[in-house]
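Asker: the sequence isn't on hand, but the structure is:
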């Protein structure tokens, strides 16, 4: 308080004395020992007798004056904080300065506060406080002038990128489209657009707009010099497979773990986008998946690893197991992906690797019951890291595995109800469709009304949904639909 008021400790203590004497404040300080000649009472704490007293005092303060107080608090916090420890105080700093932002007229100071909001957003995101992260990013953008793309390009791009990422984590899909438009219109080159495209692809996938997600990915990949045959056949796939297998023959699994970090910006952008569109490709245009993965594997072998490489190697294991029936090698690459994901900087890909290994690879060599606990752990990790998409894939597959294992239907129904709410809350429409098919099948088997193989009920209606799956070209939903009707 003394730092803010700048009166000197003794004067400040005397100013607070009437409030203490009238019982409004409780003080840790013994007023009998005040020395008029010295400021030696740096540590003295005060608190209001009751929260309602604090609220009443706060409401007595003029609204505009409150903002001025917050502005002074924020500025003094910056002034008296060691620059090396500034990030430790960042949330307290931006709290005061965001309240008083309209009073900040100097553009350099406004940009500084925008940078503080960017730091706060990143820290909040790392702590899984995604709503707060989004609000900090938006507050930072609000501090910029209309010509900020020209005057402060790097800061503006960083804030828009952060806002896009946190908008997706908050499932604010409408906001993503607005922010995406600003980045595409104002960015200087396509490399600066990659993160924006990533957020848009994730948003499309969440909404079950699979072809739009794929087309968005192909659009930017072409700008990066990556093109695929319009209608790939087994000849195209086999040629790409032989090329990747030849490259990998020269590397052991440990060699791939120890690969240096990829640094080339074009290659990094390419690998990230190939990773991003794997999921909609897998669901809707699976003939492209091997070509994309073989290309991504080659990028990692030639140019080094990124966190995305762990996911790419896991999907490579999926292809080896599923398309080429090479169970042992596929299992090894699934394990490789899991091992890479344990690296400190790869945490955001742990959930993806858990899902790929336990849904698509593990059952080839181990009993499917061994997947249940890891998939629940994968869900928890995904929710912590903001990977809502794969977190929800994990719990959907955990529930469907429990059902197919023949576990008690009462337990399975309870688990499905529990996670259906979570999937719906995260607005992950694609996986919600999958989950609802299995959930309705379980409800049918548990109920006594109607024909069990007609999937019409409280959570799913085949009379409506079948046409939607066909329109979206969602092959997995159609597969699950007909599988459950046969069961």
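Answerer: Perfect, thanks for sending it. Remember, predicted model here, so these are calculated numbers, not experimental data. Residues are numbered from 1 along each chain as shown.
Asker: how many residues are close by residue 302?
Answerer: By other Cβ atoms under 10 Å, 12 other residues sit near residue 302. Placement of C-beta: from N, CA and C, glycine included.
Asker: tell me how far it lies from residue 227.
Answerer: Note on residue 302: its distance to residue 227, by Cβ to Cβ, to the nearest Å, is 18 Å.
Asker: spatially central, which residue of the chain would that be?
Answerer: Centroid-nearest residue in the chain, with Cα atoms, centre = their mean: residue 386, separated by 3.0 Å.
Asker: show the pLDDT at that one.
Answerer: pLDDT for residue 386: 87.
Asker: what sits against it?
Answerer: 125, 128, 130, 169, 348 (Cβ atoms under 8 Å, 6 or more residues apart in numbering).
Asker: can you give me the strands for the protein?
Answerer: Here the chain has its strands, by DSSP state E, at 25-27, 46-48.
Asker: and these as CSV, adding distance to residue 315, mean neighbour count and mean pLDDT?
Answerer: Output for the strands of the chain, formatted as CSV (distance: least, Cβ to Cβ, whole Å; neighbours: other Cβ atoms under 10 Å; pLDDT from 0 to 100):
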stretch, distance to residue 315, mean neighbour count, mean pLDDT
strand 25-27, 61, 15, 83
strand 46-48, 57, 14, 82
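Asker: got those as a markdown table, with distance to residue 256 columns?
Answerer: A markdown table is the format used below for the strands of the chain (distance: least, Cβ to Cβ, whole Å):
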| stretch | distance to residue 256 |
| --- | --- |
| strand 25-27 | 63 |
| strand 46-48 | 58 |
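Asker: which stretches of the stretch 351-487 of the chain have low pLDDT?
Answerer: 448-450 (pLDDT under 70).
Asker: let's see 50
Answerer: Residues of the stretch 351-487 of the chain meeting the criterion pLDDT under 50: none.
Asker: show me where it has helices.
Answerer: In the stretch 351-487 of the chain, the segments counted as helices under DSSP state H, counting those that start in this stretch are 372-385, 388-404, 409-425, 429-446, 462-472, 475-486.
Asker: can you find the helix or strand in this structure with the smallest mean pLDDT?
Answerer: In the chain, the helix or strand scored least confidently by mean pLDDT, DSSP states H and E is helix 2-5, which has a mean of 63.
Asker: re earlier: tell me which of the helices of the stretch 351-487 of the chain sits nearest to residue 343.
Answerer: helix 372-385 (13.8 Å; Cβ to Cβ).
Asker: so what touches the closest one?
Answerer: In contact with helix 372-385 (Cβ under 8 Å, 6+ apart) are residues 128, 347-348, 350-351, 354-355, 357-359, 387-392, 394-395, 397-398, 401-402, 419.
Asker: what angle do helix 409-425 and it make with each other?
Answerer: Taking axes from the mean of the first three to the mean of the last three Cα atoms, to 10 degrees, one finds that helix 372-385 is oriented at 20 degrees with respect to helix 409-425.
Asker: re the thing from before, among the contacts of residue 386, which ones are buried?
Answerer: Buried by 16 or more other Cβ atoms under 10 Å: 125, 130, 169, 348, out of those.
Asker: touching, the last one and residue 387? I think so.
Answerer: Yes: using Cβ atoms under 8 Å, residue 348 is in contact with residue 387, at 6.3 Å.
Asker: now distance to residue 245 too, for the helices of the stretch 351-487 of the chain, in a markdown table please.
Answerer: Formatted as a markdown table, these follow (distance: least, Cβ to Cβ, whole Å):
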| stretch | distance to residue 245 |
| --- | --- |
| helix 372-385 | 29 |
| helix 388-404 | 27 |
| helix 409-425 | 38 |
| helix 429-446 | 32 |
| helix 462-472 | 34 |
| helix 475-486 | 27 |
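Asker: which among these is found nearest to residue 271?
Answerer: helix 388-404 (17.8 Å).
Asker: who are the packing partners of the closest one?
Answerer: Judged by 3 or more Cβ pairs under 8 Å, 6 or more residues apart in numbering; DSSP states H and E, helix 388-404 is in contact with helix 194-206, helix 350-356, helix 372-385, helix 409-425, helix 429-446.
Asker: export those helices to CSV and append columns for mean neighbour count.
Answerer: Shown next, in CSV, are those (neighbours: other Cβ atoms under 10 Å):
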stretch, mean neighbour count
helix 194-206, 23
helix 350-356, 28
helix 372-385, 19
helix 409-425, 16
helix 429-446, 22
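Asker: what's the burial count for residue 464?
Answerer: With other Cβ under 10 Å as criterion, residue 464 counts 9.
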